[in-house]
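Undergrad: Sequence below, structure please.
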Amino acid sequence: MLLQTRIDQTRPAASDSVDRPLIRLRGVSKDYETAAGPFTALRGIDLDVAAGDFVAIVGQSGSGKSTLVNVMTGIDTPTAGTIAVGDAEIQHLSQEQLAVWRGKSVGVVFQFFQLLPTLTVVENIMLPMDFCGTFPLAQRRGRAMRLLDKLGIGAQADKLPSDLSGGQQQRAAIARALANDPPILVADEPTGNLDSRTSDEVMQLFAGLAGEGRAVVMVTHERDLARYFTRVVELSDGCVTSGRAVGPTA
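TA: Predicted coordinates:
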């Protein structure tokens, strides 16, 4: 019961979402021990992401982009600082608690899709629901089909991932990330293997999901996509060097 209470605290009440950001990082640092000695990947990061934000994390290779996303989603634990999602400070959760929290609170979209090749597309979408038990068994296929229809690939549901184009596979990956209806969506270079037309389609999907009230955070090196974001956060040597509003509302 305690575990479920702490996990549920990551979904703020409607009144809370107006008053505070969904994700709050304060003084977050991350150090690693390497063969060459200690390495600091993040240095005192302060960052807020509100519901409805579509935030780009940009910077050169080695600037700390992936590490920032990893600590934000609980994959890595910060060396110092706090990471609050809703009312829960996730750095205090155990690995078991983090796994439950992540399954219900964060959807992740990868550059290389990471769809299981031996499962059909719809089975891939159902898998997170099976792991987390967020929806009754009888409802899972129907929910997966609705997500695939929403993303325009319902006709591909019973095919294997290898039978889909790159753009269709990325849409399926987004549907899988949405399977448990998470308030946070994180994408790591999701357009890196797509042509420009398909990239624009995928970016429009992400912008639409932010418009529905999700917090969307995307690591990218493609600066020409800036028109889709509400904010761009630039990292250099593990520090935030700028954070500016962009897009049509800037």
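
Undergrad: use CA for all of it now, contacts and neighbours both
TA: Noted.

Undergrad: Could I get the full set of strands for the protein?
TA: Applying DSSP state E to the chain gives strands spanning 23-34, 37-49, 54-58, 80-85, 88-89, 106-109, 184-188, 215-219, 231-236, 239-245.

Undergrad: Quick check: which helices or strands does the shortest one pack against?
TA: Meaning strand 88-89. Applying 3 or more CA pairs under 8 Å, 6 or more residues apart in numbering; DSSP states H and E, one finds that strand 88-89 makes contact with no other helix or strand.

Undergrad: what is the mean pLDDT for that strand?
TA: Strand 88-89 carries an average pLDDT of 84.

Undergrad: so what strands line up beside it?
TA: Strand 88-89 has the following strand partners under DSSP bridges: strand 80-85 (antiparallel).

Undergrad: next one: the second one
TA: The strands beside strand 37-49 in its sheet (DSSP bridges) come out as strand 23-34 (antiparallel).

Undergrad: The strand it pairs with vs strand 215-219, what angle?
TA: 30 degrees (axes from the mean of the first three to the mean of the last three CA atoms, to 10 degrees).

Undergrad: tell me the angle of strand 23-34 relative to strand 184-188?
TA: If you take the same axes, to 10 degrees, strand 23-34 sits at 40 degrees to strand 184-188.

Undergrad: Please spell out which residues along strand 23-34 are buried.
TA: 23-25, 28-30 (16 or more other CA atoms under 10 Å).

Undergrad: Stretch 126-136 too?
TA: Using 16+ other CA under 10 Å as the burial criterion, the residues of stretch 126-136 that qualify are 126-130.

Undergrad: Ok, stretch 170-177 next?
TA: 170-177.

Undergrad: nearest to Phe206, of the buried residues of strand 23-34?
TA: Ile23 (17.8 Å; CA to CA).

Undergrad: and the gap between the closest one and Gly64?
TA: 18 Å (CA to CA, to the nearest Å).

Undergrad: quick check: longest helix of the chain.
TA: helix 196-211 (DSSP state H).

Undergrad: Touching, Val216 and Val186? I think so.
TA: Yes - in terms of CA atoms under 8 Å, Val216 counts as a neighbour of Val186; the distance is 5.9 Å.

Undergrad: of these two, who's got more company?
TA: Ranked by neighbour count (other CA atoms under 10 Å), Val216 and Val186 place Val216 first, with 28 against 25.

Undergrad: what's near enough to touch the residue nearest the centre of the chain?
TA: The centroid of the chain falls nearest to Val186 when counting by CA atoms, centre = their mean (1.4 Å). Residues near Val186 by CA atoms under 8 Å, 6 or more residues apart in numbering: 69, 106-109, 216-218.

Undergrad: And for Gly44, the neighbour number?
TA: Neighbour count for Gly44, taken as other CA under 10 Å: 16.

Undergrad: What separation is there between it and Val85?
TA: Look at Gly44 and Val85: by CA to CA, they are 18 Å apart.

Undergrad: same question, Val28
TA: Going from Val28 to Val85 by CA to CA gives 14 Å.

Undergrad: just Gly142 next, same as before
TA: Taking CA to CA, one finds Gly142 at 29 Å from Val85.

Undergrad: Could you check which of these two has the larger neighbour count?
TA: Using other CA under 10 Å, the more surrounded residue of Gly142 and Val85 is Val85, with 24 against 13.

Undergrad: With adjacent residues omitted, what lies nearest to the more buried one?
TA: Ile23 (4.7 Å; CA to CA, 6 or more residues apart in numbering).

Undergrad: hang on, isn't the one you found packed against Ala84?
TA: Yes - in this structure, Ile23 is within contact of Ala84 by CA under 8 Å, at 5.8 Å.

Undergrad: Below-threshold pLDDT in this structure: ranges please.
TA: 1-19, 243-250 (pLDDT under 70).

Undergrad: C-alpha coordinates for stretch 195-215, PDB please?
TA: Output of stretch 195-215 as PDB, limited to C-alpha atoms (Å, rounded to 0.1, in the frame of the first residue of the first chain):
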ATOM      1  CA  ASP A 195      13.500  11.200 -43.500                       C
ATOM      2  CA  SER A 196      12.400  14.800 -43.300                       C
ATOM      3  CA  ARG A 197       8.800  14.300 -44.200                       C
ATOM      4  CA  THR A 198       8.400  11.500 -41.700                       C
ATOM      5  CA  SER A 199      10.300  13.500 -39.000                       C
ATOM      6  CA  ASP A 200       7.800  16.300 -39.400                       C
ATOM      7  CA  GLU A 201       4.900  13.900 -39.000                       C
ATOM      8  CA  VAL A 202       6.400  12.400 -35.800                       C
ATOM      9  CA  MET A 203       7.100  15.900 -34.400                       C
ATOM     10  CA  GLN A 204       3.500  16.900 -35.100                       C
ATOM     11  CA  LEU A 205       2.500  13.900 -33.100                       C
ATOM     12  CA  PHE A 206       4.700  14.800 -30.200                       C
ATOM     13  CA  ALA A 207       3.400  18.400 -30.200                       C
ATOM     14  CA  GLY A 208      -0.100  17.100 -30.200                       C
ATOM     15  CA  LEU A 209       0.600  14.900 -27.200                       C
ATOM     16  CA  ALA A 210       2.000  17.900 -25.300                       C
ATOM     17  CA  GLY A 211      -1.100  19.800 -26.300                       C
ATOM     18  CA  GLU A 212      -3.200  17.100 -24.600                       C
ATOM     19  CA  GLY A 213      -1.400  18.000 -21.400                       C
ATOM     20  CA  ARG A 214       1.600  15.600 -21.200                       C
ATOM     21  CA  ALA A 215       5.100  16.800 -20.400                       C
END
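
Undergrad: Nothing else from me, thank you.
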